[in-house]
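> Sequence and computational prediction follow.
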Amino acid sequence: MKQLHRQSSLSKQHRPHHRSSLSRSLASYLLREHRLLFVLLGFLLASSFFLLYPALAPHPISLSSSAYAATTTSAIRNPRVFSFSTANASPRRLPVGVRKKPLRVVVTGGAGFVGSHLVDKLLARGDSVIVIDNFFTGRKENVAHHLANPRFELIRHDVVEPILLEVDQIYHLACPASPVHYKFNPIKTITNVMGTLNMLGLAKRVGARFLLTSTSEVYGDPLEHPQKESYWGHVNPIGVRSCYDEGKRTAETLAMDYHRSAGVEVRIARIFNTYGPRMCLDDGRVVSNFVAQTLRKQPMTVYGDGKQTRSFQYVSDLVLDLLMG
Ligand SMILES: NC(=O)c1ccc[n+]([C@@H]2O[C@H](COP(=O)([O-])OP(=O)(O)OC[C@H]3O[C@@H](n4cnc5c(N)ncnc54)[C@H](O)[C@@H]3O)[C@@H](O)[C@H]2O)c1
């Protein structure tokens, strides 16, 4: 016992000496040949890169509710994209080296003209896309080139019926868009509002971001030209176009009420005349009319005194705006 005790006290006596010589040799190693300076320099470089990189990376443009106030008076943008997010919904910056998680996105009306171009872009940026379409005006051929893609799904479904899905974003386009189509069955057109209600319900349930494609028709037969976002329109609630105009106005109201009362992150894009590949040739809209008549070597029809103005946008520009909105 005595011996043991002696040994332990001896080792205790030796330890501080051993430790101090170790730290002395470590210090002299670091100080030799400016090694410490290089270590500090390395730390400095690494930390400044991590601090600076997120600021240099490009960020998607996002208009917040406050930016909305600014857009009401500033230059007119086509389409008008209104963004309404809750305060803590700002996009988080990812550290360097961490890849952005691919999103699961639903596109209602994704087999239509605008929808199919949006689907092309979403898949190209690496997201998974579910298209919901009842093929009233859309065509399977518009998205047929994606059928073999494992990140693509096509569901034949009418949005007026609820559907349960796990998604991050919802682009709600499903609605007949041209007068020929929306007047064909006006009661069906106005009941499309139920589709908006279902999609907003889904967005609330799964916490998804919701984008509504609205229209310049929400201004009705406007008394102001060009129309600013601060203008609320001049709309006939009982006319032949009301099924579309009032339907979209109600859809906008629903989106805003879901945002205010349930905190759903919403975007409303008021689209003006869009043209491009896959648009329906005989939908009675001005660009398709001119193109169809030219192709058929017929004279082009101009209604009224020909002094009316329109705002046109190519479909790829519209899709970029929808993705950035
Ligand atoms: N193209 C334009 O110039 C324009 C202008 C203003 C607004 N918009 C809006 O953009 C969106 C897309 O327009 P588009 O030009 O691509 O029209 P589109 O007719 O080519 O596409 C609409 C799609 O929605 C589908 N659809 C319609 N009702 C549906 C329902 N109840 N359930 C499921 N699917 C349904 C159709 O089959 C079609 O595929 C529409 O919401 C429209 O109101 C378009």
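Done, it's in.
> Helix or strand next in line after the lowest-mean-pLDDT helix or strand in the chain, which one?
Lowest mean confidence among the helices and strands of the chain (mean pLDDT, DSSP states H and E): helix 65-71, at a mean of 33. Per DSSP states H and E, the first helix or strand lying C-terminal to helix 65-71 is strand 80-84.
> and that following strand, C-alpha only, in CSV?
C-alpha atoms of strand 80-84 as CSV (Å, rounded to 0.1, in the frame of the first residue of the first chain):
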residue,chain,number,x,y,z
ARG,A,80,-48.3,41.7,-62.4
VAL,A,81,-47.0,39.3,-59.7
PHE,A,82,-48.1,40.0,-56.2
SER,A,83,-46.3,38.0,-53.4
PHE,A,84,-47.7,37.7,-49.9
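> heads up, I number from 658, so please use that
Right, with 658 as the first residue, what we last looked at is strand 737-741.
> do it and the ligand meet at all?
No - counting by Cβ under 6 Å from any ligand atom, the ligand is not contacted by strand 737-741; separation bottoms out at 11.0 Å. Yep, even glycine has a C-beta here, placed from its N, CA and C like the rest.
> which stretches of the stretch 758-907 of the chain form strands?
761-765, 785-790, 809-813, 826-829, 866-872 (DSSP state E, counting those that start in this stretch).
> and those strands as JSON lines, adding mean neighbour count, mean pLDDT and distance to the ligand?
JSON lines is the format used below for those (neighbours: other Cβ atoms under 10 Å; pLDDT from 0 to 100; distance: least, Cβ to the nearest ligand atom, whole Å):
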{"stretch": "strand 761-765", "mean neighbour count": "25", "mean pLDDT": "98", "distance to the ligand": "6"}
{"stretch": "strand 785-790", "mean neighbour count": "25", "mean pLDDT": "98", "distance to the ligand": "5"}
{"stretch": "strand 809-813", "mean neighbour count": "16", "mean pLDDT": "98", "distance to the ligand": "9"}
{"stretch": "strand 826-829", "mean neighbour count": "26", "mean pLDDT": "98", "distance to the ligand": "8"}
{"stretch": "strand 866-872", "mean neighbour count": "24", "mean pLDDT": "98", "distance to the ligand": "4"}
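> Present these as TSV; the columns should include distance to residue 705.
TSV is the format used below for the strands of the stretch 758-907 of the chain (distance: least, Cβ to Cβ, whole Å):
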stretch	distance to residue 705
strand 761-765	36
strand 785-790	37
strand 809-813	42
strand 826-829	35
strand 866-872	34
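> what's the closest of those strands to residue 941?
Proximity to residue 941 (Cβ to Cβ) singles out strand 866-872 among these, at 15.1 Å.
> got the residues of the stretch 858-982 of the chain near the ligand?
Near the ligand, when you scan the stretch 858-982 of the chain using Cβ under 6 Å from any ligand atom, you find 870, 872, 928, 930-931.
> Among the residues you listed, which pair sits farthest apart?
870 and 930 (13.4 Å).
> low-scoring stretches of the stretch 758-907 of the chain, by residue?
For the stretch 758-907 of the chain, no stretch has pLDDT under 70.
> helix or strand for residue 687, which one?
helix 659-688.
> Could you double-check that residue 958 lies in contact with residue 943?
No - in this structure, residue 958 is not within contact of residue 943 by Cβ atoms under 8 Å, at 9.3 Å.
> Touching, residue 857 and residue 921? I think so.
Yes - judged on Cβ under 8 Å, residue 857 makes contact with residue 921 at a distance of 6.4 Å.
> joint contacts of those two?
Common contacts of residue 857 and residue 921, defined by Cβ atoms under 8 Å, 6 or more residues apart in numbering, comprise 867, 912, 915.
> Which parts of this protein are helices?
659-688, 692-713, 722-728, 770-781, 836-841, 843-848, 850-863, 899-919, 943-952, 972-981 (DSSP state H).
> With respect to residue 880, which of those helices lies nearest?
helix 899-919 (14.8 Å).
> Quick one: residues contacting the nearest residue to residue 907 once chain neighbours are set aside.
Take residue 907 and drop its neighbours on the chain: the residue closest to it by Cβ to Cβ, 6 or more residues apart in numbering is residue 850, 5.0 Å away. By Cβ under 8 Å, 6+ apart, the contact set of residue 850 is 904, 907-908, 911.
> repeat that with 6 Å
904, 907-908 (Cβ atoms under 6 Å, 6 or more residues apart in numbering).
> Quick check: the gap between the closest residue to residue 902 other than its chain neighbours and residue 912.
In this structure, residue 902 finds its nearest non-sequential neighbour in residue 874, 4.7 Å apart by Cβ to Cβ, 6+ apart. Counting by Cβ to Cβ, to the nearest Å, the gap from residue 874 to residue 912 is 16 Å.
> again with residue 969
25 Å.
> Those two: which has the busier surroundings?
residue 912 (25 against 11; other Cβ atoms under 10 Å).
> Wait, the more buried one touches residue 922, no?
No - Residue 912 is beyond contact range of residue 922, at 10.4 Å (criterion: Cβ atoms under 6 Å).
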